[in-house]
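Peer 1: here's my sequence, what's the structure:
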Amino acid sequence: MTDAGTDRLYLYLFVLFAVLLLLDVVTTTRILLMGGMELNPLMGSVVYSVPLHIGVKALFFGAMVLWARWWDVRILHARIMVLMLLCAWFTFVVVHNLGSLVPHLPG
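Peer 2: Numbering: from 1, shown residues only. A predicted model of the protein is given here:
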């Protein structure tokens, strides 16, 4: 893959990762408003404040992007692999959250 192609893929994954984190906040907040609970014990005290939840996700996003770049210095295109893994994980999280919301949809 060319450097331009790699950069384009990195940008795509970067944006996708940000969107998935935002969707995680939105779906988690919706679940909590319907009386659900946070399953991740590390986030249990954070998710009840939307601004705090967004702040923690933003810090996590920044840390993971820096971590991906750190790996890329050591292994060619590692940032792509790291972001693909993170996107895969948060896709699972968002799909799980959506699955929790489906039974509560009207109609």
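Peer 1: so N40 is in which element?
Peer 2: Assigned by DSSP states H and E, N40 falls within no helix or strand.
Peer 1: which residues touch it?
Peer 2: Contacts for N40 were tallied using CB atoms under 8 Å, 6 or more residues apart in numbering; there are none. Yep, even glycine has a C-beta here, placed from its N, CA and C like the rest.
Peer 1: any idea of the pLDDT on the nearest residue to L23 once chain neighbours are set aside?
Peer 2: The shortest distance from L23 to any non-neighbouring residue, by CB to CB, 6 or more residues apart in numbering, is to V94 (4.7 Å). If you check V94, the pLDDT there is 98.
Peer 1: over to V94: give its phi and psi.
Peer 2: phi -70, psi -40 (degrees, to the nearest 10).
Peer 1: was I right about it contacting L22?
Peer 2: No: with contact defined as CB atoms under 8 Å, V94 does not count as touching L22 (9.6 Å).
Peer 1: in three-state terms, label the nearest residue to V56 once chain neighbours are set aside for me.
Peer 2: In space, and not counting its chain neighbours, V56 is closest to V46: 5.2 Å by CB to CB, 6+ apart. On the three-state scheme (DSSP: H, G, I helix; E, B strand; the rest coil), V46 is labelled coil.
Peer 1: next, give phi and psi for V46.
Peer 2: Note on V46: backbone dihedrals following degrees, to the nearest 10 are phi -100, psi -40.
Peer 1: if I pick it, what's in contact with it?
Peer 2: L52, H53, V56.
Peer 1: cutoff 10 Å now
Peer 2: If you count contacts by CB atoms under 10 Å, 6 or more residues apart in numbering, V46 has them with T28, E38, N40, L52, H53, I54, G55, V56, K57.
Peer 1: quick one: it and W70, what's the gap?
Peer 2: 25 Å (CB to CB, to the nearest Å).
Peer 1: now G5
Peer 2: 22 Å.
Peer 1: including pLDDT, secondary structure and distance to A78, could the contacts of V46 go into a markdown table?
Peer 2: Converted to a markdown table, the contacts of V46 look like this (pLDDT from 0 to 100; DSSP: H, G, I helix; E, B strand; the rest coil; distance: CB to CB, whole Å):
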| residue | pLDDT | secondary structure | distance to A78 |
| --- | --- | --- | --- |
| T28 | 97 | helix | 29 |
| E38 | 94 | coil | 31 |
| N40 | 92 | coil | 26 |
| L52 | 97 | helix | 31 |
| H53 | 97 | helix | 29 |
| I54 | 97 | helix | 28 |
| G55 | 97 | helix | 27 |
| V56 | 97 | helix | 25 |
| K57 | 97 | helix | 23 |
